[in-house]
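1. I would like to see how this sequence folds:
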Amino acid sequence: MGSGMARNLLRAGHELTVYNRTPKKAEALAAEGVRAAASPAEAARGAETVHSMLADDDAVHQVVFGQDGIASTMAPDAVHVSHSTISTALARELAAAGHAYVSAPVFGRPDAAEKKQLIVIAAGAAGHLSRCRPLFDAIGLQTVIAGSKPWQANAVKLCGNFMLASMLEAFGEACAVLRKAEVDPHVFLDAMNGLFASPVYANYGGMVADERFEPAGFTVKLGLKDADLALAAAEECGAPMPMASLVRDRLMAALANGQGSMDWSSVARVSAREAGL
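-> Numbers count the residues shown, from 1 in each chain. This is a model prediction of the structure:
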């Protein structure tokens, strides 16, 4: 995801310095005219905006506050833009860390990042959002402002991922029934594409119908992490999410059956196993 976003920022004329915990990924971008840094602190030094795109709360916390973290070298007037899907609690901690902060998680898979088709969900102070708007336009197809408090963008992203996971569970259950009924799931997919006319239904539905779960664009392990974060956000807000609890357990079942590194659409295999397929 981060590589595609960096390339689009570069194409839009921005100067980039990048850091990746896997050095080879940063070196690949360096061949395209991007400077590779040896640490997050080095990457952030002198930057007007510092973008982070990482897997989870622990990774973000380490890159920001850890040894050689970005917080140690960010300029006083720099803005930290976190694109990571993190907890609302960590987003509040980042906003209180002393630097200007914007939460801007994105909807989209790695291929969408490469094609500049991400949907950016941004929240923060109006001045910071205005300053970052050209950057959002460079990486995404659409920018939605969630509110003035950065953590609100993370709440939107977590609820959106909950809805995606719920759709995957529904597709998996439906396809299990149809296979038992000796109906080709692709027939069902054609009908649903006509009913919903959604690229998400078309893309993920195709993966479930084809049983095509590798290579993963977004893993079961990460989906389970997001389900846990959605439930934590719901608890903070005092709002029950019974369907999210169910989806979380289904993703856990997929993980327990060795599907952790598969695409999260492989949650459909849980329903298939239970149907004896």
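2. Spatially central residue (nearest the centroid) of this structure, please.
-> Thr85 (5.1 Å; Cα atoms, centre = their mean).
3. what's near enough to touch that residue?
-> 105, 154, 157-158, 161, 222, 226, 229 (Cβ atoms under 8 Å, 6 or more residues apart in numbering). Just so you know, the C-beta spots here come from the backbone N, C-alpha and C atoms, and that holds for glycine as well.
4. Once you drop chain neighbours, what's closest to Ala91?
-> Trp151 (3.9 Å; Cβ to Cβ, 6 or more residues apart in numbering).
5. Quick check: the one you found touching Thr88?
-> Yes - between Trp151 and Thr88 there is a contact under Cβ atoms under 8 Å: 4.3 Å.
6. about what we covered before: would you list the buried entries among the contacts of Thr85?
-> 105, 154, 157-158, 161, 222, 226, 229 (16 or more other Cβ atoms under 10 Å).
7. Just the ones of those in helices?
-> 154, 157-158, 161, 222, 226, 229 (DSSP state H).
8. Max pairwise distance over these: which two?
-> Spatial extent of those (Cβ to Cβ) is set by the pair Asn154 and Leu222 at 14.9 Å.
9. What segments of the stretch 1-150 of the chain are strands?
-> 17-18, 35-36, 49-52, 79-82, 100-103, 106-107, 118-123, 140-147 (DSSP state E, counting those that start in this stretch).
10. Lowest average pLDDT across these?
-> Confidence, taken as mean pLDDT, is least for strand 35-36 of these (a mean of 91).
11. Name the strands paired with that one and say parallel or antiparallel.
-> Strand 35-36 has the following strand partners under DSSP bridges: strand 17-18 (parallel).
12. Residues touching the partner strand, excluding its own?
-> The contact list for strand 17-18 (Cβ under 8 Å, 6+ apart) reads 2, 6, 26, 29-30, 34-37, 42-43, 47.
13. just those: which has the poorest pLDDT?
-> Across those, the smallest pLDDT goes to Ala30, namely 78.
14. correct me, but that one touches Ala36?
-> Yes - shown here, Ala30 and Ala36 form a contact pair, counting by Cβ under 8 Å, at 4.3 Å.
15. ok, the two, which is more surrounded?
-> Counting neighbours by other Cβ atoms under 10 Å for Ala30 and for Ala36 shows that Ala36 has the greater number, 19 against 16.
16. Which residues are in contact with the residue nearest to Ala91?
-> Contacts of Trp151 (Cβ under 8 Å, 6+ apart): 88-89, 91-92, 95, 103, 123.
17. so which strand or helix has it?
-> Using DSSP states H and E, Trp151 falls within helix 150-180.
18. one step back: most surrounded residue in the contacts of strand 17-18?
-> Comparing those by number of neighbours (other Cβ under 10 Å), Ala43 comes first, having 25 neighbours.
19. possible to save the strands of the stretch 1-150 of the chain as a markdown table with distance to Glu236?
-> A markdown table is the format used below for those (distance: least, Cβ to Cβ, whole Å):
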| stretch | distance to Glu236 |
| --- | --- |
| strand 17-18 | 33 |
| strand 35-36 | 38 |
| strand 49-52 | 22 |
| strand 79-82 | 18 |
| strand 100-103 | 15 |
| strand 106-107 | 22 |
| strand 118-123 | 16 |
| strand 140-147 | 15 |
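20. can you tell me which residues contact the closest residue to Phe107 other than its chain neighbours?
-> Sequence neighbours aside, Ile119 is the residue nearest to Phe107 in space, at 4.2 Å (criterion: Cβ to Cβ, 6+ apart). Taking Cβ under 8 Å, 6+ apart, we find Ile119 in contact with 106-108, 140-144.
21. mind putting these in JSON lines, distance to Gly194 and neighbour count included?
-> Shown next, in JSON lines, are the contacts of Ile119 (distance: Cβ to Cβ, whole Å; neighbours: other Cβ atoms under 10 Å):
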{"residue": "Val106", "distance to Gly194": "28", "neighbour count": "24"}
{"residue": "Phe107", "distance to Gly194": "23", "neighbour count": "21"}
{"residue": "Gly108", "distance to Gly194": "24", "neighbour count": "22"}
{"residue": "Gly140", "distance to Gly194": "28", "neighbour count": "25"}
{"residue": "Leu141", "distance to Gly194": "24", "neighbour count": "14"}
{"residue": "Gln142", "distance to Gly194": "24", "neighbour count": "12"}
{"residue": "Thr143", "distance to Gly194": "30", "neighbour count": "19"}
{"residue": "Val144", "distance to Gly194": "27", "neighbour count": "14"}
